[in-house]
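Q: Show me how the following folds:
(2 chains)
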Amino acid sequence: MFLAHVSSLQASIFSLLAIFSLLLAFVMLGSHWLRNYVYAFAAESWLIAALSAAVAYFGGYKELYVIAVLTALFRGLVLPYLLMGIVRKLNVKREIHAVLQPASSLVIGALLVMFAFVIANHMNFQTGIAGQVVVLALTIMLSMKLLGFLMLAVRDEAVSQILGLLVLENGIFLGSQILVPGMPMLIEIVILFDLLIIVACFGMLIRYLLVHAGTTSSRQLNRLVG
Amino acid sequence: MLNDIVLQILQVLAVLLLAPLLQGFILKAEERVQRSTGPSLFQPYRDLWKLFHKQPIVPESASWVYFAAPIVAFTAMLIVPILIPVLTDRPLPISDMADMLGGGMVLTLGSFAIMLAGLDSGNVYGGIGSSRSAMLGILAEPILILVLVGISLLAKAMLPFVVNHTLLDKPSVYWSPTHVFLVLAFFSLLLVETDRLPIHSSTHIEIYMIDEARILEYSGPLFAILKWASMMKQFILYTIFCNVFLLPWAMAQRGTALGEVGSVLSLLLKFLVVAISIVVVETIQSRLRFYRYQEPLAAGFLFAVLAIVSSQLI
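A: The predicted structure is shown next:
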């Protein structure tokens, strides 16, 4: 396994990149503005691309360079561009009826991170630097998934729900880059195109909602119409 | 070689004499960002000089607390520089008489005394200021405790000098996620504790004032002492942030006179960096509503919790 040979400098580079992408998930959780969500998502994707490139460089996986470029291109540019297009079409600039205020969702997010850490710590069987990086990667992967779920649960706007899904997916992708860097490239490309399809579908759904229901907030949509 | 005791006195004197300069620089820089000239760098010294020569006016309802509080606050700020590395990173003779929790307690004692003074005279604004600062204290104190726990988990010690040396000697600790989170948590604490935006307003005498409201009844020398104490608190927190957390480099190691002058200069340079980042925050941030005060503090709490979680990895 590639992680068995990391030095302490490589370990700290990996952990810094991973931790900053976790921080950006918290930026999304702590903000009200849809525009900020998209910017934070783009920045997070660029960090994950940098992480892929770092793994490629230190681990000697040539195909990961391609993955890094594709990640930066698709997740860092195309998806945010499409999302910004959707945000611009909507008349909604911010979440108005949040179930949880930003401060309380941040504190709940911190608790979720602790929970993820406890789980990751139980799964660890190695010792030394490699073990630490594994635990960190698992913690961040799990906590980004949980934060994505939290965003899906407490946000009403359709755009924030797409972004919740994307954060969840970013978490899995980040974990896979560190833990199993030798994944076949075809799978990664399939995942990337899946994401494009998700965003495109949501874009159509949002247009449909705007035309037929006049709103994109899921809070307004639980009324039965017939 | 300077004597260690002389050095310890010099540390206190440096905090005492340079604190108004820091305040003057921040005020000047904020005005310069807004393209106006701003007051002179030495204006806080002139203000203090003026206040010391004014006649004190004491409210009729004031008790002994009114007179004791400024002295307690000022003395507390004189004690803390003994405990932290200001000019030199060698442990000085009585620098181990209290650890970081003890230093934090002495700092909090100063603001506690001012809070009592605000309540003492029975003025409405004093009461409002004291209750607001008590609320902020309740929100900020857990972060301070968690930051101290985090830094002692990181360095395996509770003495600021040891933390400084650990960060100097081990780059892997310096660049570890724990340390990054601790710096961020302490920065949010720094904004709250030194009366800066987004919680405290930048123009001081107005309806949302917090720290100014507590000392509204003071005038003359006692007012000067209180202002000086708050400037020293700012200087001390900046020193802790720079020398213990963010920039542990460039401090005198051997204790020669030249080295001490050099570390004063490097301290001023470090403060320049931190003060400019504070000015950026103050320029781009607007003041938060009263019911959103917990947001920056929740972010700080989050950073501190994350620091402790990630410190378990190392």
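Q: give me the number of residues near residue 211?
A: Using chain A here. Residues lying near residue A:211 (other Cβ atoms under 10 Å in any protein chain shown) number 8. For the C-beta atoms, the positions are set from N, CA and C on the backbone; glycine is no exception.
Q: um, chain B though
A: Residue B:211, neighbours per other Cβ under 10 Å, totals 19.
Q: what's the nearest residue to it if we skip its chain neighbours?
A: Counting by Cβ to Cβ, 6 or more residues apart in numbering or on different chains, residue B:211 lies nearest to residue B:195, which is 5.0 Å off, once chain neighbours are set aside.
Q: for the most centrally placed residue in chain A, helix, strand, or coil?
A: In chain A, the centroid-proximal residue (Cα atoms, centre = their mean) is residue A:167; its distance is 2.2 Å. Three-state assignment for residue A:167 (DSSP: H, G, I helix; E, B strand; the rest coil): helix.
Q: any idea how far it lies from residue B:90?
A: 48 Å (Cβ to Cβ, to the nearest Å).
Q: Ok, residue A:52 next?
A: Counting by Cβ to Cβ, the gap from residue A:52 to residue B:90 is 45 Å.
Q: Assign a three-state SS to the residue nearest to residue B:211, would you?
A: coil.
Q: from memory it sits against residue B:213, does it?
A: No. With contact defined as Cβ atoms under 8 Å, residue B:195 does not reach residue B:213; the gap is 11.4 Å.
Q: Those two - which one has more neighbours?
A: residue B:213 (25 against 19).
Q: which SSE is the more buried one in?
A: If you go by DSSP states H and E, residue B:213 is part of helix B:211-214.
Q: With residue B:230 instead?
A: Per DSSP H and E: helix B:220-239 holds residue B:230.
Q: again with residue A:191
A: Using DSSP H and E, the element containing residue A:191 is helix A:185-212.
Q: Pull out the buried residues from that helix.
A: Residues of helix A:185-212 classed as buried by neighbour count (16 or more other Cβ atoms under 10 Å in any protein chain shown): A:188, A:191-192, A:195, A:199, A:202-203, A:206, A:209.
Q: Adding pLDDT and distance to chain B as columns, could you present those residues in TSV?
A: Shown next, in TSV, are the buried residues of helix A:185-212 (pLDDT from 0 to 100; distance: Cβ to the nearest Cβ, whole Å):
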residue	pLDDT	distance to chain B
A:188	80	26
A:191	83	27
A:192	83	28
A:195	85	27
A:199	85	29
A:202	84	29
A:203	83	31
A:206	82	29
A:209	80	31
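Q: Does the helix or strand containing residue B:9 pack against any helices or strands, and if so which?
A: Using DSSP H and E, the element containing residue B:9 is helix B:4-33. With contacts taken as 3 or more Cβ pairs under 8 Å, 6 or more residues apart in numbering or on different chains; DSSP states H and E, helix B:4-33 sits against helix B:43-52, helix B:64-83, helix B:220-239, helix B:257-284.
Q: and of those helices, who's closest to chain A?
A: helix B:257-284 (13.9 Å; Cβ to the nearest Cβ).
Q: Any residue of the closest one touching chain A?
A: No. Against chain A, helix B:257-284 shows no contacts by Cβ under 8 Å from any Cβ of the partner chain, the least distance being 13.9 Å.
Q: Neighbours of residue B:95, how many?
A: By other Cβ under 10 Å, neighbour count at residue B:95 equals 21.
Q: For residue B:9, which of the helices and strands packed on helix B:4-33 is the nearest?
A: Closest to residue B:9 of these, according to Cβ to Cβ: helix B:64-83, at 9.2 Å.
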